[in-house]
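In: next come a sequence and a model predicted from it.
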Amino acid sequence: MVDRLGVGIGWRAELDLSIARLPGVDWVEVVAENLHAPHLPESLLALRRRGMPVLPHAVSLSLGGAEPLDTHRVEHLAELARALDAPLASDHVCFVRAGGLDSGHLMPLPRTREALDVLVANVRLAQSIVDLPLALENIAAVLEWPENTLSEEQFLTELTERTGCLLIIDVANLYANARNVGTDPAAFLDGIPWERLAYVHMAGGIERDGVYHDTHAHPVPPEVLDLLAELRRRTDPPGVLLERDDDYPTDTELATELAALRATVTA
Amino acid sequence: MSREELAARQAALLDTLLTGAPPPPGFAPERLRVEADVLLAKRRRLMAYLRPGLAESLGERFAPLFDAYAAAHPKTDTIRAREYADAFAAWVAGREPAKRRRWFRS
């Protein structure tokens, strides 16, 4: 159902020359808010001309926010997806803004029926605007709502059943949540409807003061690769994407990380 | 919980995390501190990325100055990131009139 993508990397302006020459990059994902359809960077257009899929990934739709959806942001994502001829578009299961404030980050939702109803209504509206398959990603949380009644895998499963959306499963976020808020990774992996999987995210992080931070600025830890192997025992993911957003390493190091991802999912 | 109540709970959480308002009931206080630090660090990194010259010229004073600014002026949903960076730069400049006057005289 979902196109096979292979192994990809998060496109960043700082990495554009590396990505063009790195071996083993089948596709890239771009942060939707950083780009504008009429002014796409030449290095990205060059990848498109080579036939490389470029998938837009939004971070600011605030689909779990209880205030009215900002449809201008959704239209921006839709316009970018069209300009890139992307097979799908995505954002996260989270809220970003509330009460006039902008958190600048992905905030966890209370996992309740009522919060799910709000998310479902917003996702349906976004789907009607994007007019492409929409995929939603699990986030890394350092706090939990006291109201929680559903597990994360229940919440994501019901979201897909009610909206028909796809899922991006971020394995590093799953690892972070296991470390920080006590998520059971095995129960999570057993509960995800894998037929709805669009692709997998992988990233590095670091522990500080007893908290695991999903920094995207460090190498992927062995424990996160182990979790990807656990995921692989349950499904053959259509795509795996490495996210690196800061402290950019050498091309050789990036190529080594990409090769490790490929080896883990090629069973 | 109605959509309106959920909106109020989400707003109260962000108010606590971004301005230090009293914590909404039920959340673990130490977790709220961790999340507030995560949000502040992310905003601080974005500011340094958008205004590298300002961050460099302030040196070790950048982080405490930015943290003080962010607590007093949390980013709202109507201001763009670059406008917010401009506002911080103007706030920093406005705080240092004595130094600026010396510089202009010399």
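Out: On my side now, so go ahead. Residues are numbered from 1 along each chain as shown, chains lettered A, B, ... in the order given.
In: quick one: list the elements packing against the helix or strand containing A:Leu174.
Out: Taking DSSP states H and E as the criterion, the element that holds A:Leu174 is helix A:171-180. Under the contact criterion of 3 or more CB pairs under 8 Å, 6 or more residues apart in numbering or on different chains; DSSP states H and E, the helices and strands touching helix A:171-180 comprise helix A:185-191, strand A:197-203, strand A:211-213, helix A:222-234. Just so you know, the C-beta spots here come from the backbone N, C-alpha and C atoms, and that holds for glycine as well.
In: single out the most deeply packed of the ones you listed.
Out: strand A:197-203 (a mean of 26; mean count of other CB atoms under 10 Å in any protein chain shown).
In: burial count for B:Glu5?
Out: By other CB atoms under 10 Å in any protein chain shown, 11 other residues sit near B:Glu5.
In: how far away is it from A:Leu116?
Out: In this view, B:Glu5 and A:Leu116 are 15 Å apart by CB to CB, to the nearest Å.
In: B:Pro25 and A:Leu106, how far apart?
Out: When distances are taken as CB to CB, B:Pro25 and A:Leu106 turn out to be 23 Å apart.
In: buried residues in the helix or strand containing B:Leu39?
Out: Counting by DSSP H and E, the secondary-structure element that holds B:Leu39 is helix B:29-50. Of the residues in helix B:29-50, those scored as buried under the neighbour-count criterion (16 or more other CB atoms under 10 Å in any protein chain shown) are B:31-32, B:34-40, B:43-44, B:47-48, B:50.
In: okay, the residues you listed in TSV with pLDDT and distance to chain A next?
Out: Converted to TSV, the buried residues of helix B:29-50 look like this (pLDDT from 0 to 100; distance: CB to the nearest CB, whole Å):
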residue	pLDDT	distance to chain A
B:Arg31	95	4
B:Leu32	97	6
B:Val34	96	5
B:Glu35	97	5
B:Ala36	97	10
B:Asp37	95	9
B:Val38	95	6
B:Leu39	97	5
B:Leu40	97	9
B:Arg43	96	5
B:Arg44	97	10
B:Met47	97	10
B:Ala48	96	11
B:Leu50	95	12
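In: columns distance to A:Val31 on top of these, output as JSON lines?
Out: JSON lines is the format used below for those (distance: CB to CB, whole Å):
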{"residue": "B:Arg31", "distance to A:Val31": "27"}
{"residue": "B:Leu32", "distance to A:Val31": "27"}
{"residue": "B:Val34", "distance to A:Val31": "25"}
{"residue": "B:Glu35", "distance to A:Val31": "22"}
{"residue": "B:Ala36", "distance to A:Val31": "24"}
{"residue": "B:Asp37", "distance to A:Val31": "23"}
{"residue": "B:Val38", "distance to A:Val31": "19"}
{"residue": "B:Leu39", "distance to A:Val31": "18"}
{"residue": "B:Leu40", "distance to A:Val31": "21"}
{"residue": "B:Arg43", "distance to A:Val31": "17"}
{"residue": "B:Arg44", "distance to A:Val31": "19"}
{"residue": "B:Met47", "distance to A:Val31": "18"}
{"residue": "B:Ala48", "distance to A:Val31": "18"}
{"residue": "B:Leu50", "distance to A:Val31": "15"}
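In: thinking again about what came up before, which one of B:Pro25 and A:Leu106 is surrounded by more residues?
Out: Summary of the neighbour comparison: B:Pro25 and A:Leu106, criterion other CB under 10 Å, with A:Leu106 having more neighbours (22 against 8).
In: that older thread, what's the angle from the helix holding B:Leu39 to helix A:171-180?
Out: Orientation of helix B:29-50 against helix A:171-180 (axes from the mean of the first three to the mean of the last three CA atoms, to 10 degrees) gives an angle of 140 degrees.
In: for helix B:29-50, output the C-alpha coordinates as CSV.
Out: Listed next in CSV are the C-alpha coordinates belonging to helix B:29-50 (Å, rounded to 0.1, in the frame of the first residue of the first chain):
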residue,chain,number,x,y,z
PRO,B,29,6.6,19.4,39.1
GLU,B,30,10.1,18.0,38.3
ARG,B,31,8.9,17.0,34.8
LEU,B,32,7.5,20.4,34.2
ARG,B,33,11.0,21.8,35.0
VAL,B,34,12.6,19.4,32.6
GLU,B,35,10.2,20.3,29.8
ALA,B,36,10.6,24.0,30.5
ASP,B,37,14.3,23.6,30.2
VAL,B,38,13.9,21.7,27.0
LEU,B,39,11.7,24.4,25.4
LEU,B,40,14.1,27.2,26.6
ALA,B,41,17.2,25.4,25.2
LYS,B,42,15.5,24.8,21.9
ARG,B,43,14.4,28.5,21.6
ARG,B,44,17.9,29.6,22.7
ARG,B,45,19.6,27.4,20.0
LEU,B,46,17.2,28.9,17.3
MET,B,47,18.1,32.4,18.4
ALA,B,48,21.8,31.7,18.2
TYR,B,49,21.2,30.2,14.7
LEU,B,50,19.2,33.2,13.5
